[in-house]
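Undergrad: Okay, here's the prediction I keep looking at, along with the sequence it came from:
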Amino acid sequence: MLYSATINVMVKAARRAGRSLKRDLGEIEHLQVSLKGPANFVSLADKRAEEILYQDLAKARPGYGFIGEEGGTREGSDKSHTWIVDPLDGTTNFLHGIPQFAISIGLAREGTVIAGVIYNPANDELYIAERGKGAFLNDQRLRVAGRRQLNECVVACGLPHLGRGDHEEFRREMTAIQDRVAGLRRFGAASLDLAFVAAGRLDGYWERNLSPWDIAAGQIMVREAGGTVSDIDTPGDALVTGHVVCGNEFVHGELVKILRKSA
């Protein structure tokens, strides 16, 4: 397929960082048996991937701002464009050698995400979306699932980590949703959960307390695949609040009703 120059820049950076992560993933199984464990190694892999992304994106688009999970905010001379990057979404999966992780790159213009790339180097799945141009997985056009019966739907969620988030609130939400759907899933990488909704693999997804780099690329992916994305508690922007819920128009609306009622 012919992609825009912007998408080509993002894909090239994601693939180069992906090669680095894939090499590092191969080392994980050797580190699992060591007394120290692979946590420090994964932290280095994360930082290394972000630096590759920063270098490639800054070279192609000098002046753009950059927000990364590891390096924080790096101001650019161009105040209207910002890269929003997670170099390794699904760090815990990666740490355990589970091939469900991704590089996520979003590009915001004047605060609105206009392009997104999500790449899982473990299985070479590349998701791309650009505002007004649709969403694709390895050149195949994506469309959200069309189910309109909640009891036929498979929905993904996030689980609050130890010491983070409101565990009681999540248990209320999970119980309320679990009673209404065909199945719940927890995959451990927010960007891929959003991409799976865009691809129709999942019917819906919700999670609280995310960061902009978790959501940016996936949000435009779902919208360009015909889905609806919002904050859980208000009609506002999940990129701002960190609380995301999505699905086709029907599933999104039903999930919102259930989640707000369980609050």
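TA: Received it, and whenever you're ready, just let me know what you need. Computed from a prediction, not measured in an experiment: that's the story for all the values here.
Undergrad: Which residues does stretch 237-245 contact?
TA: For stretch 237-245, contacts defined as CB atoms under 8 Å, 6 or more residues apart in numbering pick out 113, 190, 194, 204-212, 215-216, 219, 229-234, 252, 255-256, 259. C-betas here are computed from N, CA, C, even on glycine.
Undergrad: Quick one: end-to-end distance for that stretch.
TA: 10 Å (CA to CA, to the nearest Å).
Undergrad: swap in stretch 104-114?
TA: 14 Å.
Undergrad: and Ser43, what are its phi and psi?
TA: Ser43 adopts backbone torsions of phi -60, psi -40, taken as degrees, to the nearest 10.
Undergrad: Buried residues, stretch 172-186. List them.
TA: Buried residues in stretch 172-186, counted by 16 or more other CB atoms under 10 Å: 173-174, 176-177, 181.
Undergrad: between those residues, which is nearest Asn93?
TA: Each of the buried residues of stretch 172-186 was scored against Asn93 by CB to CB, and Met174 proved nearest at 20.1 Å.
Undergrad: of the contacts of stretch 237-245, buried ones?
TA: Looks like the contacts of stretch 237-245 have 113, 190, 194, 204-210, 212, 215-216, 219, 229-232, 252, 255-256, 259 buried, using 16+ other CB under 10 Å.
Undergrad: Just the residues you listed: which are in helices?
TA: 190, 194, 212, 215-216, 219, 252, 255-256, 259 (DSSP state H).
Undergrad: got CSV for those residues, with pLDDT too?
TA: What follows is those, written out as CSV (pLDDT from 0 to 100):
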residue, pLDDT
Ala190, 98
Leu194, 98
Pro212, 97
Ile215, 97
Ala216, 98
Gln219, 98
His252, 98
Leu255, 98
Val256, 98
Leu259, 97
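Undergrad: Can you tell me which of those is nearest Glu125?
TA: Leu194 (13.3 Å).
Undergrad: these two touch, right, the closest one and Tyr205?
TA: Yes - if you go by CB atoms under 8 Å, Leu194 and Tyr205 touch, sitting 6.4 Å apart.
Undergrad: Common neighbours of those two, please.
TA: 244, 246.
Undergrad: so what's the nearest residue to Asp203 once chain neighbours are set aside up against?
TA: Counting by CB to CB, 6 or more residues apart in numbering, Asp203 lies nearest to Cys153, which is 3.6 Å off, once chain neighbours are set aside. The contact partners of Cys153, taken as CB under 8 Å, 6+ apart, are 145, 147, 181-182, 203-204, 247, 251.
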